[in-house]
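>>> Sharing a model prediction with you, sequence too.
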Amino acid sequence: MRRITDRLGGLAFGGDYNPEQWDQQVWKEDDLLMRQAGVNLATVGVFSWALLEPEEGRYDFGWLDAHLDRLHANGVAVDLATPTASPPPWFTLAHPDAMPVTPDGTRLVHGSRDTYCLAAPAYREAARRIAAALAERYGTHPALALWHVHNEYATVCWCDHTAAAFRDWLRDRHGSLEALNSAWGTAFWSQHYGAWEQVLPPRATQWHRNPGQALDFRRFWSDLALSAYREQRDAIRAHSDLPVTTNLMLPGYQNLDLWAFGREVDVVAIDHYPDAPGRGAAADTAFGADRARSFGGGRPWLLMEQGTSTVYSGDRTLGKEPGEILRHSLGHVARGSEGALFFQWRQSRAGAEQWHSAMVPHAGADSRIFREVSAVGAAVGRLGELAGSTVSAQVAVVHDADAWWALDVEGLPTTELDYHATLRGAHRALWDAGVTVDFAHPEQDLAGYRLVVAPALFLLSDAGAAGLRRYVEGGGTLLVQHAAGYVDERMQARLGGYPAAPLREALGIRVEEYRPLGRGERVTLSDGSHATAWSEALRLEGAEQLAAYTGGMLAGSPALTRNSLGAGQGWYLSTRLDDADYAALVGRLLDEVGVGPELPGLPSEVEAVRRQAPDGRRWHILLNHGDTAVPLPEPADDLLTGGRLDTLAAGGCAVLREVDR
Ligand code: GAL
């Protein structure tokens, strides 16, 4: 299969292009401005179902032919989307049963987007049909570089089609109704199921829903979305040998196991929208990019969408500061993206996203935003030699969708165990320390990492617990954080003390009692650090105590421990440290394992990441998030300016060729 960068002759630059919103005069200007900005890839057709199939079974491809031909003539390749994220009104009216139903039984209607049920046969059939029709018509079109299935699989539904599909999935997973009753613990609260027809998706209930049912439903929905993706992908592959992907969204917006999607897409593609500018957005960019790379097993991946401003954060959209569009774009490229794409090319004049940012804003090309966008295009255009190079890391943060979903059930001891916030906290401390991070699944081979951090592994499978123990025994250093390994893969509590047994041996501890802290309560540990949210009574079973609680019932009892097993070390932190104290702990661990910043000698405002080509060529990508110029440790050739660089400007970026000596 051809790589997109081979087809493009370099990295990708461009974005979603929805020309159906405009007229011929604007299309002419688009051609000109795309050339000016260095656009070489446009994502077309994402929301075009109503125009492509104005009535059921009647296609109108003429308008799309014209746009693809025009783009091709203008030197812009096409990422052609299947429009299945937004079925047209005729579809709703013909198939009301394919509209999604919320947990409380409300059936939604058209008028927005993403209104469909992935379990409804009529929707699946219509989606497969339009994907196949597009592939048949455009499979060999010279403009095409990539296929983009759907858009951000996100809608979840609780209708009767869903109930039927859920039961089939449960039959496969559990084998028998008896096994399901046992897994979900239905002996309690009189929930015992006597027939499959009695089993429902977790719809609105009087009080807490069954946690095993809630977890299985999340897994089921992710598998259903993956099967919907595969169905379209396979329909496309029958007519085209170009790579196929779907755009994934980070981190909690989609109910998807992104490891599973990473295995099925030809190239991982993500959309990434920080909700506030500044240093937090830079850290968030690295978080999203490191996840994208990891979900693809380290393969090059693609930033499919970003904004020229941030997106809605609760009640407002905040603008990016001058220079941030370039830093965010190169922040993704630094961590393995094969380009930088945006949503969308031209800001809509009307419609639901008329205030969403774009590459060409309402003000037109004579604007700061378009000038910055063009500068990004020029920068990306100079980085062609990076194509196909990858990023490697010596530190991993453990990520597992099961653990995320397990922390989303009702009835946990506290609502302060936020999966993604905890993961972000771990990644942020490592990012602040200048260290490149992979994400890793608890059941994968971790032996290549010097340090593994497991921040929120509330659910841990037997295989995961055994794998983590093996990692330590083989010489790894592992940090496990509070509330780990409390439940198994069925969502059943581990008995006899937490975490799961083989991991307990690696950590040399046994957690006997969990004690969530009160809202706002902050405890002091014997090493002077502070912590909130959670505490645990634990017993040492071979581990050494590094810090203890200092007050209340837990005074003198271990809070932070270290254990040796085989050639490695297992650390356990039984509470949530304040950010600065957590950063100090992470710094201590990095010192112990001898991992330092990617490029030593730079101040903490400068982010540095290294990409390496299969033939050994290497580049350092530097992003200065600070507002003062920074002298480089030594002068180097910079791809962005084409010259020798000895100082990185305030807010500036550089891509330095590394030379062997
Ligand atoms: C993405 C989506 C785009 C657009 C964008 C706005 O999540 O794929 O269609 O809505 O968000 O930020």
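Thanks, I have it. Remember, predicted model here, so these are calculated numbers, not experimental data.
>>> any idea how this protein splits into domains?
The chain is divided into the following domains under automatic domain parsing: 395-593, 606-657.
>>> end to end, how far does the last one reach?
Spelled out, that is domain 606-657. Using Cα to Cα, to the nearest Å, one end of domain 606-657 lies 17 Å from the other.
>>> Which positions in stretch 276-286 come out as buried?
Judged by neighbour count using 16 or more other Cβ atoms under 10 Å, the buried positions of stretch 276-286 are 277, 279, 281, 282, 283, 284, 285, 286. C-beta coordinates here come from the backbone N, C-alpha and C atoms, glycine included.
>>> got the CA positions of that stretch in CSV?
Extracted in CSV, the C-alpha atoms of stretch 276-286 (Å, rounded to 0.1, in the frame of the first residue of the first chain):
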residue,chain,number,x,y,z
ALA,A,276,-7.5,27.0,26.0
PRO,A,277,-4.3,28.5,24.6
GLY,A,278,-0.9,28.7,26.3
ARG,A,279,1.4,26.2,27.9
GLY,A,280,-1.5,23.9,28.7
ALA,A,281,-2.4,23.7,25.0
ALA,A,282,1.2,22.8,24.1
ALA,A,283,1.2,20.0,26.7
ASP,A,284,-2.2,18.8,25.5
THR,A,285,-0.9,18.7,21.9
ALA,A,286,2.0,16.5,23.0
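>>> what about it, average pLDDT?
For stretch 276-286, mean pLDDT is 93.
>>> cool, stretch 135-144 as well?
Mean predicted confidence for stretch 135-144 is 97.
>>> List the buried residues for that stretch?
Of the residues in stretch 135-144, 135, 137, 138, 139, 141, 143, 144 count as buried by neighbour count, 16+ other Cβ under 10 Å.
>>> need the residues of the protein near the ligand, please.
Listed as neighbours of the ligand in the chain under the rule Cβ under 6 Å from any ligand atom: 151, 152, 249, 271, 273, 305, 307, 311, 343, 353, 356.
>>> go again using 8 Å as the cut-off
Contact residues (Cβ under 8 Å from any ligand atom) of the chain with the ligand: 16, 46-47, 85, 113, 151-152, 247, 249, 253, 271, 273, 305, 307, 311-312, 343-344, 353, 356.
>>> Can you select the buried ones from those in ChimeraX?
Applying 16+ other Cβ under 10 Å to the residues of the chain next to the ligand, the buried members can be selected in ChimeraX as follows:
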select :16,46,47,85,113,151,152,247,249,271,273,305,307,311,343,344,356
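>>> now, which of the residues of the chain next to the ligand lie within strands?
Using DSSP state E, 16, 247, 249, 271, 305 are the members of those that sit in strands.
>>> Assign a three-state SS to the residue in the stretch 401-550 of the chain positioned nearest to the ligand, would you?
Closest approach between the stretch 401-550 of the chain and the ligand, counting by Cβ to the nearest ligand atom: residue 420, at 16.7 Å. Under DSSP: H, G, I helix; E, B strand; the rest coil, residue 420 falls in the helix class.
>>> ok, the closest residue to it other than its chain neighbours - how many residues close by?
In space, not counting the residues next to it along the chain, residue 420 is nearest to residue 251; the distance is 4.7 Å by Cβ to Cβ, 6 or more residues apart in numbering. When neighbours are defined as other Cβ atoms under 10 Å, residue 251 has 20 of them.
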